[in-house]
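Undergrad: build me a structure from this.
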Amino acid sequence: MSAQLSVITCSHNPRSEYLEQVVNALRTQTLPADRWEYLLIDNASAEPLNSRVDISWHPNARHIREPQLGLTHARLRGISESTGEVLVFVDDDNVLDPDFLEQALKISEEWPRLGTWAGQTRPGFEAPPPDWTRRYWGRLVIREFDSDRWSNGPSDADAMPCGAGMCVRRSVADYYLELHKSGKRSVMMDRAGSSLISGGDSDMAICACDLGMGMGMFASLKLTHLIPPDRLTEDYLVRLVEGLAYSAIVLDSFRTSSRTNGHSTGRRFSSSVADLARLCIRNKRERRFFRAVRRGQQKAEILLAGKA
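TA: Predicted coordinates for the structure are as follows:
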């Protein structure tokens, strides 16, 4: 008999101490283990995870090796190999609260028109973060809120789940898988190695809307996102912001037919003048982040223009 939930962790060269916390949190879930399966997808790690991560405590757990590098490839492998009616993506730095899976299953039963949903992600900082980084915490998938929210509007950011602890119905996951198999996702989203491109989780969430379903965020779903000090440096956050700006434009292109046209030169000139004015009133750090956003957008526009 198929499991009700499939929990999928995709991991490439993980921090051992982080992954240990992730697995331990899964081991102490209040939802009985016979109601869910666990898939640990080893995405081309230098040291195979099956030799150093014990998941034998779970009666229906599997190590799966995905040799093609990239989070998208790992997620697609997890979708293909899983059997549950709801898939729960748990990153290798996501420590679930003990009742997370129980709450996820409850939401799936009480909200049958939702195709994907997630919850709160608290920060688990190794060291106190610099104060100036606070404005960028949202980019680090930190989301805390008091009330539930849902929508069937694909542009509703408040209701859009992020990849950390994202729950996806089988019909939505299979649709997303088919988009890749059919070649309709020729631009690969998500991280591969040191790349900070993202957006695959948002694409999957919006697939629910494509199918006439909704997406939601629920306060009862809680996890801790482990964040090391090197993700709170200016260099890392600048790279992250650039990757997010790039990803947003590519993601939007999947569902629009807009492309560069004959009026773009004038628009770029106007934008350049406005950018220059904005840069004059920013401090050095703000200018660096502003330029990163523009770089990411420009790289995406060049990529899409080449595919037009």
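Undergrad: would you check that S11 makes contact with L40?
TA: Yes: counting by CB atoms under 8 Å, L40 is a contact partner of S11 at 6.9 Å. The C-beta positions use only the backbone N, C-alpha and C, and glycine is treated the same way.
Undergrad: looking at those two, which is more packed in?
TA: L40 (27 against 22; other CB atoms under 10 Å).
Undergrad: between S11 and L40, which contacts overlap?
TA: L49 (CB atoms under 8 Å, 6 or more residues apart in numbering).
Undergrad: and the closest residue to A173 other than its chain neighbours, which helix or strand is it part of?
TA: Excluding the flanking residues, the one nearest A173 by CB to CB, 6 or more residues apart in numbering is I79, at 4.7 Å. Under the criterion of DSSP states H and E, I79 resides in helix 71-81.
Undergrad: and the next element down the chain from that helix?
TA: strand 86-89.
Undergrad: and that following strand, how far from the chain's centre?
TA: 13 Å (CA atoms, centre = their mean, to the nearest Å).
Undergrad: rewinding a little: contacts for the helix holding I79?
TA: Against helix 71-81 from outside (CB under 8 Å, 6+ apart): 6, 8, 10-12, 39, 41, 43, 62, 64, 66, 87, 89, 173-174, 176-177, 180, 188-192, 200, 204.
Undergrad: for that helix, which positions count as buried?
TA: L71, T72, H73, A74, R75, L76, R77, G78, I79 (16 or more other CB atoms under 10 Å).
Undergrad: tell me the average confidence for that helix?
TA: The average pLDDT within helix 71-81 is 97.
Undergrad: how far away from the center of its chain is it?
TA: The chain centroid and the centroid of helix 71-81 are separated by 13 Å under CA atoms, centre = their mean.
Undergrad: so which of the contacts of helix 71-81 belong to helices?
TA: A173, D174, Y176, L177, H180, G200, M204 (DSSP state H).
Undergrad: ok, for D93, nearest residue in space, not its chain neighbours?
TA: Computed as CB to CB, 6+ apart, the closest residue to D93 that is not its neighbour in sequence is L226, at 4.2 Å.
Undergrad: need the pLDDT of that neighbour.
TA: 98.
Undergrad: isn't there a strand covering it?
TA: Yes: under DSSP: H, G, I helix; E, B strand; the rest coil, L226 sits within a strand.
Undergrad: that one contacts L19, doesn't it?
TA: No: taking contacts as CB under 8 Å, L226 lies outside contact range of L19: 9.7 Å.
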